[in-house]
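>>> got a predicted model here, sequence first, then my questions.
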Amino acid sequence: MTKQGYLSGQLLLAMPAMTDPRFANAVIYMCTHTEEGAMGLVINKLCDNIDFPDLLNQLSISTPSDIEKQIPLEKITLHEGGPVESGRGFILHSADYVQETTLIISETIALTATIDILTAIANDEGPQDYLIALGFSGWGRGQLESEIKRNSWLSIEADEELVFRTDLDLKYPRAMAKLGVDLSMLSSESGSA
C-alpha cells in the first residue's frame, strides 16, 4: 500500500483466484481510498449495452455540425467501471481539463462526473486523455483491506500509458508484468503460508 496505507491513484489488479466473476482479470484505477472506504473504476472492460452516440442522445447532448471538428463519436468507447450505480457516468482523464467539481487524484490524472465534460469530449474540446466509465467499484470501511489480506488484489503505481493508451486486452498482462509477475506462473488457488 502507499503513503498512509491508502491506494488512491494506484492500480488494483485482481488475482487469478478472484471469486467474483465481475472482477476476473480486472484492472481498477483507484480514485479514492480512505479509512471510510474506497472507490475505483475498472479500466479494462468495455460496456456492451450502450455506445457513446447513444449515451449522448439519452442525455440530450448535441454535437457540432462541423464535420471537420467533430471526432468520430462511434470510436469513443465506454467502459464498465463497476457494478455500483451502473447508470452513472464517470470520466477519468488527464489533469489538463479541470472543472469546479473535478477531483484531482494525482498530478496527471483527475475524475469528473458532469455532463459538461461529455459535451466537451463530443465537441473535441475535452481533456487530452480520457476514459468514460459507467458505474464504479466500491468498498465499505475495511472491506478492501480485508480482500487484500485474502490475496484477492495486488496494487501497482498507475501510469497514463497503461490507463489511457494501452489496448484493453493488454492492460492486465502489462500491469502484472510491471510487478514482475508472469501470469502463467500464478495459481488460481489462494492460500497462506
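Cool, the structure landed.
>>> and stretch 107-115, what's buried?
108-113 (16 or more other Cβ atoms under 10 Å). In short, each C-beta sits where N, CA and C put it, glycine included.
>>> likewise stretch 168-186?
For stretch 168-186, by 16+ other Cβ under 10 Å, it's 171-172, 175-176, 181.
>>> tell me the one of these nearest Gly37?
Nearest to Gly37, judged by Cβ to Cβ, of those is Ala175 at 22.9 Å.
>>> how close does that closest one sit to Thr108?
Plainly put, Ala175 is 17 Å away from Thr108 if you go by Cβ to Cβ, to the nearest Å.
>>> now, the most widely separated pair of the buried residues of stretch 168-186?
Lys171 and Val181 (13.9 Å).
>>> contacts for the longest helix seen in the chain?
Taking DSSP state H as the criterion, the chain has its longest helix at helix 168-178. The contact list for helix 168-178 (Cβ atoms under 8 Å, 6 or more residues apart in numbering) reads 11, 13, 25-27, 43-46, 154, 156-157, 162, 166, 182-183.
>>> the helix or strand of the chain with the lowest mean pLDDT: which residues count as buried?
Ranking every helix and strand in the chain by mean pLDDT, DSSP states H and E puts helix 52-58 at the bottom, with a mean of 77. Neighbour-count burial for helix 52-58 flags 52, 55-56 (criterion: 16+ other Cβ under 10 Å).
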